[in-house]
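> sequence plus the predicted model coming up.
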Amino acid sequence: MIGKESSLQNFNIKAFQKDLLEWYYANKRDLPWRKDQDPYRVWVSEIMLQQTKVDTVIPYFHNFLEKFPTVHALAAADEQEVLKAWEGLGYYSRARNLQHAVREVVEHYGGQVPDNPKELESLKGIGSYTKGAILSIAFNQPEPAVDGNVMRVFSRVLNIDDDIALPKTKKLFEAITREVISHEDPSSFNQAIMDLGATICTPKSPACLICPVQEYCQGYELGVEQQLPIKSKAKKNKKMPYAVLLIRNEQGEIAIEQRPDDGLLANLWQFPMVPIQEMSVELIENWFYAQYGMRINLGEKQADLKHVFSHLTWELNIFHAKLEHDTRKEEKIVFVTEDELNSYPFPVSHLKMREYL
DNA sequence: GATACGTGGAA
DNA sequence: TTTCCAAGTAT
């Protein structure tokens, strides 16, 4: 690892700050969460923006703030309603953790978002990045908010080849940012680095010729900007084949079930899924009876589709089925009308399946 | 420290 | 088609 001391030798911090901030003041993007410094709005935006593009977040942000305009509104909402507002955005534990944390803010902090690192980081879903983002953007504190943009920009500017996939590398960049951050306008400094990373110092084909800090960039000077940052590869994901059953009862209602309250897509709803190795109608019917206590008649396969996650892929084979005999004791499966489906949060693959109902 | 955790868009 | 990526966090 390169120490921050050697990285910052001969680096003109004041001049870098000045050029970066002047560029930001003239070119900053007009984003809905930049209208004010309301800590709750900043918080919601930062959670939504985790691993998610700005263009994707914008409509969700508007809708979410309309439905839950304050910490009190979000604290009082049903979790299902919150998940429904998050539907399609992904990483759903963000939504559940956010509501959990907001309820803690209402209970322990009188509804005021904490303005110190200790209390902020103790809240569910707030890690080192989000803590720094809230402290700097909402409270004007000179705290680092190191995300992928910051690591990419500083990897190039300071020619640092540490693997940004490693946790310890983030600590290095946090230490560097503490040295480099503007104390006059820490909020703008952090957002400027992120805007620069998103619009100029992009992962592929960075626009070095129009970069406001080109003259400070060792990566550019050495012609290695395309090689930085160093990032180790993710592993290939695993395939998981399922039969998905669109089951109708005699009233024409449709069977859905809620997923477990932890792990993948926690607490979301889905059409019943049967893990399969090979396609066998009897195997599926029998497995379903053993699991749910319901006899079904499997109909014809309607379609298949893939649902690609970060770490695995569902191979979904969609079947119609008819409820034959119901000897259930528990109500794990619920039958609802097509209209009622609209109030349940589903993963995107199951939203797409409604076309085959 | 490695892995789980979503989704849609770009090259 | 495949791969990578995007304002990370929890465990």
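Great, that's in hand. Residues are numbered from 1 along each chain as shown, chains lettered A, B, ... in the order given.
> show me what from the stretch 151-300 of chain A comes close to DNA strand C.
Residues of the stretch 151-300 of chain A lying near DNA strand C by Cβ under 7 Å from any atom of the strand: A:152, A:191, A:194-195, A:197-198, A:202-203, A:231, A:233-234, A:236. Where C-beta positions appear, they are placed from N, C-alpha and C, glycine not excepted.
> OK, contacts around the residue of the stretch 1-150 of chain A found nearest DNA strand C?
Taking Cβ to the nearest atom of the strand, DNA strand C has its nearest neighbour within the stretch 1-150 of chain A at A:Gly127, 2.6 Å off. Applying Cβ atoms under 8 Å, 6 or more residues apart in numbering, we find A:Gly127 in contact with A:Glu121.
> phi and psi next, for A:Ser122.
Here is the backbone geometry of A:Ser122 (degrees, to the nearest 10): phi -80, psi -10.
> ignore the last one, A:Ile333
With angles defined as degrees, to the nearest 10, A:Ile333 sits at phi -90, psi 140.
> likewise for the one 5 residues further on?
Reported as degrees, to the nearest 10, the phi and psi values for A:Glu338 are phi -60, psi -40.
> which residues does it contact?
A:254, A:354, A:357.
> if we use 10 Å, what do you get?
By Cβ atoms under 10 Å, 6 or more residues apart in numbering, the contact list for A:Glu338 reads A:252-254, A:354, A:357.
> same check, this time on A:Pro144
A:Pro144 sits next to A:128-129, A:131-133, A:135-136, A:150, A:170-171, A:173-181, A:186, A:189-190, A:193 when contact means Cβ under 10 Å, 6+ apart.
> helix, strand, or coil at it?
Counting by DSSP: H, G, I helix; E, B strand; the rest coil, the backbone at A:Pro144 sits in coil.
> any idea where the strands of chain A begin and end?
Assigned by DSSP state E, the strands in chain A fall at A:238-248, A:254-258, A:269-270, A:273-275, A:294-308, A:312-326, A:333-336.
> nearest to DNA strand C among the residues of the stretch 151-300 of chain A next to DNA strand C?
Proximity of these to DNA strand C (Cβ to the nearest atom of the strand) peaks at A:Pro203, which lies at 3.2 Å.
> count the neighbours of the nearest residue to A:Ala133 once chain neighbours are set aside for me.
In space, and not counting its chain neighbours, A:Ala133 is closest to A:Ala145: 4.1 Å by Cβ to Cβ, 6 or more residues apart in numbering. Close neighbours of A:Ala145, defined as other Cβ atoms under 10 Å, add up to 27.
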